[in-house]
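> Quick one, structure for this:
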Amino acid sequence: MYAVIKTGGKQYRVSPGEVVKIEKLAAAVGEPVVFSEVLMVGDGAELKVGAPLVDNAKVKGTVQAQKRDKKIVVYTYKKRKGYHKKSGHRQDITLVRIDEVVED
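As a prediction, the model looks like this:
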């Protein structure tokens, strides 16, 4: 069984038992989280697509870690002008283990 959820402005395909790297959530490590914005639920040959959300469907998970992602290097330059600028960015992320996909 799998589901497509929406969180942090992005969509993720999740299934029970996998660990997903998502945008930072305001939850402590070990705390349960519930994703109620479920766009699609699939189970083998059966597929339920929401319009826009699937009614009475939830994805339950547990926060595994709060950390920062790898550094992204941003390099800007203007050709033939001698201008260049290098900066970096590290995004805050939350690792969530998906426990179950529930549909009533």
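> Nearest residue to the middle of the chain?
By C-alpha atoms, centre = their mean, the chain has its centre lying nearest to residue 22, at 3.2 Å.
> right, and that one touches residue 9 too?
No: using C-beta atoms under 8 Å, residue 22 makes no contact with residue 9, being 10.3 Å away. For the C-beta atoms, the positions are set from N, CA and C on the backbone; glycine is no exception.
> Can you name the next helix or strand after the one helix or strand in the chain whose mean pLDDT sits lowest?
Lowest by mean pLDDT, DSSP states H and E among the helices and strands of the chain is strand 46-49, with a mean of 91. The helix or strand immediately downstream of strand 46-49 is strand 57-68, counting by DSSP states H and E.
> Residue 90 - how many residues pack around it?
Neighbourhood size, residue 90 [other C-beta atoms under 10 Å]: 11.
> Check it and give its pLDDT.
Looking at residue 90, its pLDDT reads 97.
> Now do it against residue 20, distance only.
Residue 90 is 19 Å from residue 20, where distance means C-beta to C-beta, to the nearest Å.
> show me where this structure has strands.
Using DSSP state E, the strands of the chain run over residues 2-7, 10-14, 19-23, 32-35, 38-43, 46-49, 57-68, 72-78, 83-89, 92-103.
> Just name the most buried of those.
Among those, the stretch with the highest mean neighbour count (mean count of other C-beta atoms under 10 Å) is strand 2-7, at a mean of 20.
> That one pairs with which strands, and in what direction?
Here strand 2-7 is paired, per DSSP bridges, with strand 10-14 (antiparallel), strand 38-43 (antiparallel).
> Show me what the mean pLDDT comes to for it.
The average pLDDT within strand 2-7 is 95.
> thought residue 98 was touching residue 13?
No: taking C-beta under 8 Å as the definition, residue 98 is not a contact partner of residue 13, at 10.5 Å.
> Tell me which residues touch the nearest residue to residue 39 once chain neighbours are set aside, please.
Nearest residue to residue 39 in three dimensions, chain neighbours excluded: residue 4, at 4.6 Å (C-beta to C-beta, 6 or more residues apart in numbering). Residues near residue 4 by C-beta atoms under 8 Å, 6 or more residues apart in numbering: 11-14, 38-41.
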